[in-house]
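Q: quick one, fold the following:
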Amino acid sequence: MTSTAQAQKSGAGTAHPDHLGHVIFIAAAAAMGGFLFGYDSSVINGAVEAIRGRYDVGSAALAQVIAIALIGCAIGAATAGRIADRIGRIRCMQISAVLFTVSAVGSALPFALYDLAFWRVVGGFAIGMASVIGPAYIAEVAPPAYRGRLGSFQQAAIVIGIAISQLVNWGLLNAAGGDQRGKLMGLEAWQVMLGVMVIPAVLYGLLSFAIPESPRFLISVGKRERAREILAEVEGDKIDLDARVAEIEHAMKSEHKSTFKDLLGGSFFFKPIVWVGIGLSVFQQFVGINVAFYYSSTLWQSVGVDPTDSFFYSFTTSIINIVGTVIAMIFVDRIGRRPLALIGSVGMVIGLALEAWAFSFDLVDGKLPAAQGWTALIAAHVFVLFFALSWGVVVWVFLGEMFPNKLRAAALGVAAAAQWIANWAITASFPSLADWNLSATYVIYTVFAALSIPFVLKYVKETKGKALEEMG
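A: Coordinates of the predicted model:
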């Protein structure tokens, strides 16, 4: 019997949990790793200029300190799948929470620039692990009918983390008299900004003790009855639980533990489906989205915006990010992943092109001309809105869904690692590119947004409404 036929027999495809609120809580707790990613991505935005001043470094060296966390993220993402298959999804989350807590303390109390860079790598490793485990775990526990919306919790958590960190940074900056190096609680304001990350890290660890292990992992280690109990919790007891367990067992028996070697094949090293996952990850980053969150306050200050106002605009951008994510959560299971991606790509092209146009004008008295300044500000919000309602959500959903069972863990790890490497490339290059030509930098991002359209049309298949066992 095929996996599709078994899914129909068990009723998994139309499963509705008896206690949807409980399933939502499980998905939200798992997505706290996304909150940590968002918070860390954006909190450094408030420290960039202070780090430059305290350690007297140029744009290139500063960019490496800001971006080095992403190297840790790539390593964490690449190894998380194997670790999760050995010790379980929940244990992975707990390790991530501990590492992130230690990183937050170290980042707030650095002895030197190299020390700060080291702690950012440690935190990056933790976030990389969480970035893989979150979507994979949610995809494994969510009923197929709700999987897209619950999978989008990862991106929702990321954007909420970004917004909260921007708000906290803005509040701390005001408390320090508008000076990132002003004193707060015996430390410089930027150190307090980084230290506050301890709170969500500890919360993530505590929540990991309140949610169940993945049924698929439990079945893989022989805990069949516990898996059955959890399936009843998350998919409802109206489905045929024995048939559901048998369906998962059948899928797992017909596969072997995924390894890097399993991904090899085809004409260009990796199998085609792996390249599609890598492509989604790379396009998501190469449109320059994280420039808006790592460097937005620095960007606005470079075109004449007051420092306090630049922090405020960073916060408003993050609110738009949340709005777009909510739109995506509403429509991802209604109109599908591919249509949202295409709509978003078109909107991003428009927003980025307008930013490139605005930044092509010379500064007058240290500021952009009024018309171009307002155009740049509005276009930046348009770009973030269309990214959030599309690529921000659907890529995480796709990566949790699109791979066949026999490849999923390893392929997700490679795709997520590619995402972190692409993120690093954009983050590390932006300060130098901006010094060279800010307008041309945004032209580059516009080109990648435009290229994402034919990529989706030709290579990306819809996954809406399919059971995981049907993939591939």
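Q: so Tyr459 sits against Ile278, correct?
A: No - with contacts counted by Cβ atoms under 8 Å, Tyr459 stays clear of Ile278, the gap being 10.9 Å. Every C-beta, even on glycine, is put in place using the N, C-alpha and C of the backbone.
Q: neighbour count winner among those two?
A: Ile278 (20 against 13; other Cβ atoms under 10 Å).
Q: go through whichever helix or strand that one is part of and flag the buried ones.
A: Element membership of Ile278 [criterion: DSSP states H and E] is helix 272-286. For helix 272-286, burial by neighbour count (16 or more other Cβ atoms under 10 Å) applies to 273-286.
Q: ok, Gln383 touching Met348?
A: Check again: residue 383 is Phe, not Gln. Yes - in terms of Cβ under 8 Å, Phe383 counts as a neighbour of Met348; the distance is 5.6 Å.
Q: now do the shared contacts for the two.
A: Shared contacts of Phe383 and Met348 (Cβ atoms under 8 Å, 6 or more residues apart in numbering): Val287.
Q: residue contacts, Ala130?
A: 32-34, 36-37, 76, 93, 96, 100, 204.
Q: and those residues, which is closest to Gly392?
A: Gly34 (10.7 Å; Cβ to Cβ).
Q: so what's that closest one closest to, chain neighbours aside?
A: Excluding the flanking residues, the one nearest Gly34 by Cβ to Cβ, 6 or more residues apart in numbering is Ala157, at 3.5 Å.
Q: could you say what helices and strands the host helix or strand of that neighbour packs with?
A: Per DSSP H and E: Ala157 is located in helix 153-175. Using 3 or more Cβ pairs under 8 Å, 6 or more residues apart in numbering; DSSP states H and E, the elements in contact with helix 153-175 are helix 20-30, helix 32-43, helix 113-141, helix 189-195, helix 307-331, helix 391-401.
Q: and the pLDDT for the residue sitting furthest away from the middle of the chain?
A: What lies farthest from the middle of the chain is Asp365; by Cα atoms, centre = their mean that is 38.3 Å. Asp365 carries a pLDDT value of 79.
Q: ok, it - contacts?
A: Shown in contact with Asp365 (Cβ under 8 Å, 6+ apart): Gly304.
Q: re earlier: would you mind measuring from the residue nearest to Gly34 to Leu207?
A: Computed as Cβ to Cβ, to the nearest Å, the Ala157 to Leu207 distance reads 11 Å.
Q: closest to Lys406 among the buried residues of helix 272-286?
A: So of the buried residues of helix 272-286, ranked by how close each gets to Lys406 (Cβ to Cβ), first place is Ile273, at 11.1 Å.
Q: any idea how far that closest one is from Asn405?
A: According to Cβ to Cβ, Ile273 stands 12 Å off from Asn405.
Q: can you redo the buried residues of helix 272-286 as CSV with distance to Asn174?
A: Formatted as CSV, these follow (distance: Cβ to Cβ, whole Å):
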residue, distance to Asn174
Ile273, 49
Val274, 47
Trp275, 47
Val276, 46
Gly277, 42
Ile278, 42
Gly279, 42
Leu280, 39
Ser281, 37
Val282, 38
Phe283, 37
Gln284, 33
Gln285, 32
Phe286, 35
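Q: so what's the nearest residue to Ala47 once chain neighbours are set aside up against?
A: Nearest residue to Ala47, sequence neighbours excluded (Cβ to Cβ, 6+ apart): Trp190, at 3.8 Å. Residues near Trp190 by Cβ under 8 Å, 6+ apart: 46-47, 50-51, 180-181.
Q: show me how to select, in PyMOL, the buried members of those residues.
A: In PyMOL, the members of the contacts of Trp190 classed as buried (16+ other Cβ under 10 Å) are selected with the following command:
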select buried, resi 46+47+50+51+180
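Q: could you dump the contacts of Trp190 to a markdown table with secondary structure and pLDDT?
A: Shown next, in a markdown table, are the contacts of Trp190 (DSSP: H, G, I helix; E, B strand; the rest coil; pLDDT from 0 to 100):
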| residue | secondary structure | pLDDT |
| --- | --- | --- |
| Gly46 | helix | 79 |
| Ala47 | coil | 82 |
| Ala50 | helix | 85 |
| Ile51 | helix | 86 |
| Gln180 | coil | 77 |
| Arg181 | coil | 82 |
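Q: taking the contacts of Trp190 together, which two end up most distant?
A: The span of the contacts of Trp190, defined through Cβ to Cβ, is set by Gly46 and Arg181 at 11.4 Å.
Q: mind listing the shared neighbours of the two?
A: What both Gly46 and Arg181 touch, as defined by Cβ under 8 Å, 6+ apart, is the set 189-190.
Q: thought Ser165 was touching Ser42?
A: Yes - taking contacts as Cβ under 8 Å, Ser165 lies within contact range of Ser42: 4.3 Å.
Q: those two: which has the busier surroundings?
A: Ser42 (31 against 28).
Q: so the more buried one sits against Thr317, correct?
A: No - applying Cβ under 8 Å as the test, Ser42 and Thr317 come out as separate, 9.8 Å apart.
Q: now list whatever residues contact both of these two.
A: Here Ser42 and Thr317 have Gln166 as joint contacts, going by Cβ under 8 Å, 6+ apart.
Q: joint contacts of Ala157 and Leu207?
A: Common neighbours of Ala157 and Leu207 (Cβ under 8 Å, 6+ apart) are Met32.
Q: the two: who's more crowded?
A: Ala157 (28 against 19).
Q: ok, that one - contacts?
A: Counting by Cβ under 8 Å, 6+ apart, Ala157 touches 28, 31-35, 37-38, 134.
Q: got it, and Gly72?
A: Gly72 neighbours (Cβ under 8 Å, 6+ apart): 120-128.
Q: among these, which two are most distant?
A: Longest span within those, Cβ to Cβ: Arg120 and Gly128, 12.2 Å.
Q: and the two? which has more neighbours close in?
A: Remark: of Arg120 and Gly128, Gly128 carries more neighbours, 30 against 26, as counted by other Cβ under 10 Å.
Q: that one is in contact with Ile71, isn't it?
A: No - counting by Cβ under 8 Å, Gly128 stays clear of Ile71, with 9.3 Å between them.
Q: where do the contact lists of these two overlap?
A: Joint contacts of Gly128 and Ile71 (Cβ under 8 Å, 6+ apart) are Trp420.
Q: count the residues that sit near Trp374.
A: When neighbours are counted by other Cβ under 10 Å, Trp374 registers 12.
Q: now do the helix or strand encompassing it, average pLDDT.
A: Here Trp374 sits within helix 370-388, counting by DSSP H and E. Across helix 370-388, pLDDT averages out at 91.
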